[in-house]
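Asker: Next input, structure requested:
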Amino acid sequence: MKVLEKLKIVTHEPEKPPGRRARRRGEIIHQALALCETAKDLEGAVKGALELLGESPKDWDLQELLDPLRRLFAVERFGEWLRKEGYPELEVVDSSGRVHRIDRVVLDGNTLHVLEYKVGERERGHEEQVRLYAELLKGLFPTKRIKGWLIYVDQALIVEVL
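Answerer: Modelled structure (predicted):
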């Protein structure tokens, strides 16, 4: 009986469907960006992302997913990065054994560009995340210059962090 006295039941209010759908939209967009290299690939990448994530295209407005990606690809710098050698969804392990997934690392001569995609609004902590990724990569590539960027997909906005 003493064990039961120490147990607590913790309940959480279930997430409302719009929040869940917004998060899922972000996952679809991230997956599509990992799959495509040019604006011509976008529709196929979005459909591929839906399939990989087990989503039915009937449940999504494809234009809602494609329009922000098309605006992003219209930003010249973004298209240039995707044409260069790069690694989408690169996983790096820190000294504590935690795995960090970097949305894309682009090789450009002696420079590594860390690209972190964000869907939705700017939030505190986004820049710190990019700085952490840069530090992790410095340990792996000590001779490379590291640049960090936040890419706000819905605003087609690229913010230089470092």
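
Asker: Any buried residues in the helix or strand containing residue 43, and which?
Answerer: Element membership of residue 43, judged by DSSP states H and E, is helix 42-52. Buried residues in helix 42-52, defined by neighbour count with 16 or more other Cβ atoms under 10 Å: 42-43, 45-50. (C-beta placed from N, C-alpha, C; glycine too.)

Asker: which residues sit against it?
Answerer: 28-29, 31-36, 56-57, 60, 62, 65-66, 69-70, 73 (Cβ atoms under 8 Å, 6 or more residues apart in numbering).

Asker: which residues does residue 27 contact?
Answerer: residue 53.

Asker: so what pLDDT did it get?
Answerer: pLDDT, residue 27: 96.

Asker: buried stuff in whichever strand or helix holds it?
Answerer: Assigned by DSSP H and E, residue 27 belongs to helix 17-35. In terms of neighbour count (16+ other Cβ under 10 Å), helix 17-35 has its buried residues at 25-26, 28-35.

Asker: ok now it, how far from the chain's centre?
Answerer: A distance of 9 Å separates the centroid of the chain from that of helix 17-35, by Cα atoms, centre = their mean, to the nearest Å.

Asker: Extract the CA atoms of that helix and return them as PDB.
Answerer: The C-alpha trace of helix 17-35 is given here as PDB (Å, rounded to 0.1, in the frame of the first residue of the first chain):
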ATOM      1  CA  PRO A  17      -6.800  19.400 -33.700                       C
ATOM      2  CA  PRO A  18      -5.700  22.800 -35.300                       C
ATOM      3  CA  GLY A  19      -2.400  22.600 -33.300                       C
ATOM      4  CA  ARG A  20      -1.900  19.000 -34.300                       C
ATOM      5  CA  ARG A  21      -2.700  19.800 -38.000                       C
ATOM      6  CA  ALA A  22      -0.300  22.800 -37.900                       C
ATOM      7  CA  ARG A  23       2.500  20.600 -36.500                       C
ATOM      8  CA  ARG A  24       1.800  17.900 -39.200                       C
ATOM      9  CA  ARG A  25       1.900  20.600 -41.900                       C
ATOM     10  CA  GLY A  26       5.300  21.600 -40.700                       C
ATOM     11  CA  GLU A  27       6.500  17.900 -40.800                       C
ATOM     12  CA  ILE A  28       5.200  17.600 -44.400                       C
ATOM     13  CA  ILE A  29       6.900  20.800 -45.500                       C
ATOM     14  CA  HIS A  30      10.200  19.700 -43.800                       C
ATOM     15  CA  GLN A  31      10.000  16.300 -45.500                       C
ATOM     16  CA  ALA A  32       9.300  17.900 -48.900                       C
ATOM     17  CA  LEU A  33      12.300  20.200 -48.500                       C
ATOM     18  CA  ALA A  34      14.500  17.200 -47.800                       C
ATOM     19  CA  LEU A  35      13.200  15.500 -50.900                       C
END
